[in-house]
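J.: Kindly return the folded structure for what I paste below:
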Amino acid sequence: MRFNQLTAILGLTTAAVVSTALMPAQATAEIFQVESGATSVFLDLPLLESIGLNLTGTSDDIVPPVSDDFLVGFEITDDTDFSFTDEGGFTLVGGSIEHTGSITFNDALTVGDFSIGFDASRAGDAATGFFVQDTLDTGAILFDVASIVPTFDGEALTIAGDLLVSPEFAGVLGNPDLTGALVGQAQTNAETEPASVPEPTSGLMLLVAGAAIAAGRRQLTAKQ
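T.: Sure thing, here's the model as predicted:
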């Protein structure tokens, strides 16, 4: 009798697991993560010189820009954890794009190892919430990014935008009136990979199986 009960319970458990496995997983947008690439930067040097910033040097680890339309390139590093989905073409999930390389102004101010991130509280007027931060020396956000144009083809991600002087950088320069001034453009060209995500039904299958087995044990105990 107990053998028959156990067989029936195991049969119900198997049916529950199979039924769960056959249920279609809820459709979700695929998540991708930036793996490598570079960000190319154009700076309006005459404009910068007019406000007292003269480009006087670059570090040895800069890379060629994506085209002659840009001045310099900065390689994306392994510290990057920027992720997004292809929903609607491009939807940010989170993280930042980290770089190596630096530039020097007036033989005195060196900024670099730039981090591109997002902060919704910075969005307003032309600013989109994306920003470029100096992590080498000042720790200041140097630019807010405007007119973001992301393009994703399933593997390669391109993000282009205008560079606006941030309130923080204007403060470093001692000229608050520079806030929001357009001083250049940036374009990130990155290779991506799908991010690792758990199978949507695996956890549910284990829960169903575990619950069924536990229920079976309680029934057997009650009949003993």
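J.: use CA for all of it now, contacts and neighbours both
T.: Will do.
J.: Per-residue confidence at residue 158, what does it come out as?
T.: Looking at residue 158, its pLDDT stands at 98.
J.: can you map out the helices along this protein?
T.: Secondary structure of the chain by DSSP state H: the helices cover 2-22, 45-50, 167-172, 202-223.
J.: Pick out the residue nearest the middle of this structure.
T.: The centroid of the chain falls nearest to residue 82 when counting by CA atoms, centre = their mean (1.9 Å).
J.: Burial check on the closest residue to that one other than its chain neighbours, number of neighbours?
T.: Closest residue to residue 82 apart from its sequence neighbours, by CA to CA, 6 or more residues apart in numbering: residue 95 at 4.1 Å. A count of neighbours around residue 95, defined by other CA atoms under 10 Å, yields 16.
J.: residues contacting residue 95?
T.: Residue 95 makes contact with 80, 81, 82, 83, 117, 118, according to CA atoms under 8 Å, 6 or more residues apart in numbering.
J.: Switch those over to CSV; also include pLDDT and distance to residue 177.
T.: As requested, those are exported to CSV (pLDDT from 0 to 100; distance: CA to CA, whole Å):
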residue, pLDDT, distance to residue 177
80, 98, 33
81, 98, 34
82, 98, 32
83, 98, 34
117, 98, 24
118, 98, 24
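J.: Any chance of a ChimeraX selection covering the buried ones in the residues you listed?
T.: Selecting the buried subset of these in ChimeraX, with 16 or more other CA atoms under 10 Å as the burial test, is done by:
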select :80,82,83,117,118
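J.: Tell me the spatial nearest neighbour of residue 55, not counting adjacent residues.
T.: Nearest to residue 55 is residue 105, by CA to CA, 6+ apart, at 4.5 Å.
J.: picking that back up, now flag whichever of the contacts of residue 95 is closest to residue 55.
T.: The shortest approach to residue 55 among the contacts of residue 95 belongs to residue 117, at 24.4 Å (CA to CA).
J.: Hmm, the closest one is touching residue 92, no?
T.: No - when contacts are counted by CA atoms under 8 Å, residue 117 is not listed as touching residue 92 (10.4 Å).
J.: And the strands in this protein?
T.: Assigned by DSSP state E, the strands in the chain fall at 31-43, 55-58, 72-76, 83-85, 91-94, 97-100, 102-105, 109-112, 115-118, 127-133, 141-152, 156-165, 182-194.
J.: Confirm for me that the residue nearest to the centre of the chain is in contact with residue 33.
T.: Yes - between residue 82 and residue 33 a contact is recorded at 5.7 Å, counting by CA under 8 Å.
J.: List the contacts of the closest residue in space to residue 79 that isn't next to it in sequence.
T.: Among residues not flanking residue 79 along the chain, residue 98 sits closest, at 6.0 Å (CA to CA, 6+ apart). Residues in contact with residue 98 (CA under 8 Å, 6+ apart) are 76, 77, 78, 79, 80, 113, 114, 115, 116.
J.: Repeat that for residue 92.
T.: Going by CA under 8 Å, 6+ apart, residue 92 touches 83, 84, 85.
J.: what about the second one, distance to residue 119?
T.: Looking back up the chat, that one is residue 84. Residue 84 sits 15 Å away from residue 119, going by CA to CA, to the nearest Å.
J.: Distance to residue 49 for the strands of the chain - can I get that in JSON lines?
T.: Output for the strands of the chain, formatted as JSON lines (distance: least, CA to CA, whole Å):
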{"stretch": "strand 31-43", "distance to residue 49": "11"}
{"stretch": "strand 55-58", "distance to residue 49": "8"}
{"stretch": "strand 72-76", "distance to residue 49": "17"}
{"stretch": "strand 83-85", "distance to residue 49": "36"}
{"stretch": "strand 91-94", "distance to residue 49": "35"}
{"stretch": "strand 97-100", "distance to residue 49": "25"}
{"stretch": "strand 102-105", "distance to residue 49": "10"}
{"stretch": "strand 109-112", "distance to residue 49": "14"}
{"stretch": "strand 115-118", "distance to residue 49": "24"}
{"stretch": "strand 127-133", "distance to residue 49": "20"}
{"stretch": "strand 141-152", "distance to residue 49": "17"}
{"stretch": "strand 156-165", "distance to residue 49": "14"}
{"stretch": "strand 182-194", "distance to residue 49": "11"}
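J.: Good, we can wrap up now.
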